[in-house]
Structure formats: structure tokens, C-alpha cells
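Participant: Next comes the sequence, and after it the predicted model I'd like to discuss.
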Amino acid sequence: MTSEDNARNAHRVCAEKPSSQAGAAAIEALQSLSDSVHDADERALRALQMRPIDALALLHLVEASRGGRFLRPTELAVRLHLTTAGVTKLVDRLSRAERVDRRPNPRDRRSVALVPTATGTADLTRAYGHIHTPLITVINELSDAEATVVARFATRFAEALRQDSDQNEPFPAGLTEPLLRAGDSAVEGSSSNRGPANRPPPIPTP
């Protein structure tokens, strides 16, 4: 079982239980959703033949380009919690795969802009389409009231997790870094043990 599996299944071994059957059913539904998204992420990464960190980097670059911006290597390094050397190696891999180009920065000719290629954008969209398409389909089937409840729950839960992460040490005494996913190796040049280096990318938007 990987560290991500441990996180996804943690509620199953916790003593505290929901106070109602409806709450228990909601948690089981969320677990099913988590399992499905996890499996879909794995399929997408296999289709891309990319490391999770590389796919996340490509997602950041595609999102920025769709907003009319191009990130510099230093900006990408900050978003991914990587050192300069680490992000250089990452961009080298994406460049060799013809998914990212280095070009003169139109805002500052002394620096480089990272531009996702048409191939990189198409690969990312195609790999995650099997997640995004049903998501939009199901969301569109909800009433406004239902969608509001979903948004309220997701926002409150995300905020609770952030607060808990800020206040509490997530690792047992003596353990100074999170466990890596089975088969993964430490990412070169990671500037933080708690960065998103091995996190699968979120669902891209078209």
C-alpha cells in the first residue's frame, strides 16, 4: 500500500465515526470518488508516460498560456517547490519530449519563457479528458441548490484540512519526510520535503 493509499483509507481505521447514517453514506461515496479519481490519475500518467511532477509542471504551463501568460523557470520552480537545478532537469525532460519550448521572454528578453507546445497541450487534454468530461456532465446534471451544497462542502473540507496541516505535524516522531509512492524515487532538486513533487496533477480545464 502506498502513502497515497494510506491517506485515502485513513478514515476507515479512525475510531471517530459520523453521527448519522446519512453522514456515513456520504463518506463512503467520497471514498468511492477518491478511488475512482486516483485510478483515473494513474491511467492518465501511464498514457502520458510522465512523472507526476512533470505532468503537474505541464499543467501549470498550459493553464498560464491559456491566460495569456508564460512562466519563467524560476516561477515554475516556486510553484513546484523545486530548486533551480531541479526545475532545469524537469524542463529538459519536457523539452526532449517536445512538450515545452524555451523562448525569449517577451516581458524580459534577458530571461526565458516556458511555452507549452501544441503537442504538450494536446497530450495533457487527451490524457485527462476521461476525468474532465464526466465531471462536467455530472455537474451539469445538478440543480443549483445541489451544486451549492457540493461547493460548500468541498470548500469547508479543504479549509479544515489546510488549517489542520498548518497547526499539526503530519509525520510521526522521528520521520522527517513523507513516504514516497511505491516505485517512485525522490525528485531531483526538491526544495521541500512537503512540496507537491509526487502529487498527480489536478483535472485540467479545457
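Facilitator: Here it is on my side, so go on. Because the structure is predicted, anything quoted here is derived from the model rather than measured. Numbering: from 1, shown residues only.

Participant: Report how many residues lie close to Leu114.
Facilitator: Neighbours of Leu114 under the rule other Cβ atoms under 10 Å: 25. (Glycine included, C-beta is placed from N, CA and C.)

Participant: Longest strand in this structure, by number of residues?
Facilitator: Taking DSSP state E as the criterion, the chain has its longest strand at strand 108-116.

Participant: Please enumerate the helices of the chain.
Facilitator: Under the criterion DSSP state H, helices of the chain are mapped to 3-9, 21-48, 52-66, 73-80, 84-96, 118-141, 144-167.

Participant: Quick one: mean pLDDT for the last one?
Facilitator: Predicted confidence along helix 144-167 averages 88 (mean pLDDT).

Participant: Next: the longest one.
Facilitator: With pLDDT averaged residue by residue, helix 21-48 scores 87.

Participant: Helix 52-66 and that helix, what's the angle between them?
Facilitator: 90 degrees (axes from the mean of the first three to the mean of the last three Cα atoms, to 10 degrees).

Participant: Determine which stretch of the helices of the chain is the most buried.
Facilitator: helix 52-66 (a mean of 21; mean count of other Cβ atoms under 10 Å).

Participant: Only C-alpha atoms, please: export it in CSV.
Facilitator: Output in CSV follows, covering the C-alpha atoms of helix 52-66 (Å, rounded to 0.1, in the frame of the first residue of the first chain):
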residue,chain,number,x,y,z
PRO,A,52,3.6,13.1,-11.7
ILE,A,53,5.8,16.2,-11.1
ASP,A,54,6.3,16.6,-14.9
ALA,A,55,2.6,16.4,-15.6
LEU,A,56,1.9,18.9,-12.9
ALA,A,57,4.5,21.3,-14.3
LEU,A,58,3.0,20.9,-17.8
LEU,A,59,-0.5,21.6,-16.3
HIS,A,60,0.8,24.9,-14.8
LEU,A,61,2.4,25.9,-18.1
VAL,A,62,-0.8,25.1,-20.1
GLU,A,63,-3.0,27.0,-17.7
ALA,A,64,-0.7,30.0,-17.7
SER,A,65,-0.6,30.1,-21.5
ARG,A,66,-4.4,29.9,-21.8
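
Participant: Just give me how far that helix sits from the chain centre.
Facilitator: On the basis of Cα atoms, centre = their mean, to the nearest Å, helix 52-66 is displaced by 10 Å from the centre of the chain it belongs to.

Participant: re earlier: can I get the helices of the chain in JSON lines including distance to Pro106?
Facilitator: Shown next, in JSON lines, are those (distance: least, Cβ to Cβ, whole Å):
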{"stretch": "helix 3-9", "distance to Pro106": "39"}
{"stretch": "helix 21-48", "distance to Pro106": "28"}
{"stretch": "helix 52-66", "distance to Pro106": "12"}
{"stretch": "helix 73-80", "distance to Pro106": "14"}
{"stretch": "helix 84-96", "distance to Pro106": "18"}
{"stretch": "helix 118-141", "distance to Pro106": "19"}
{"stretch": "helix 144-167", "distance to Pro106": "35"}
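
Participant: re earlier: and the longest strand of the chain, what does it pack onto?
Facilitator: Packing partners of strand 108-116 (3 or more Cβ pairs under 8 Å, 6 or more residues apart in numbering; DSSP states H and E): helix 52-66, helix 73-80, strand 100-105.
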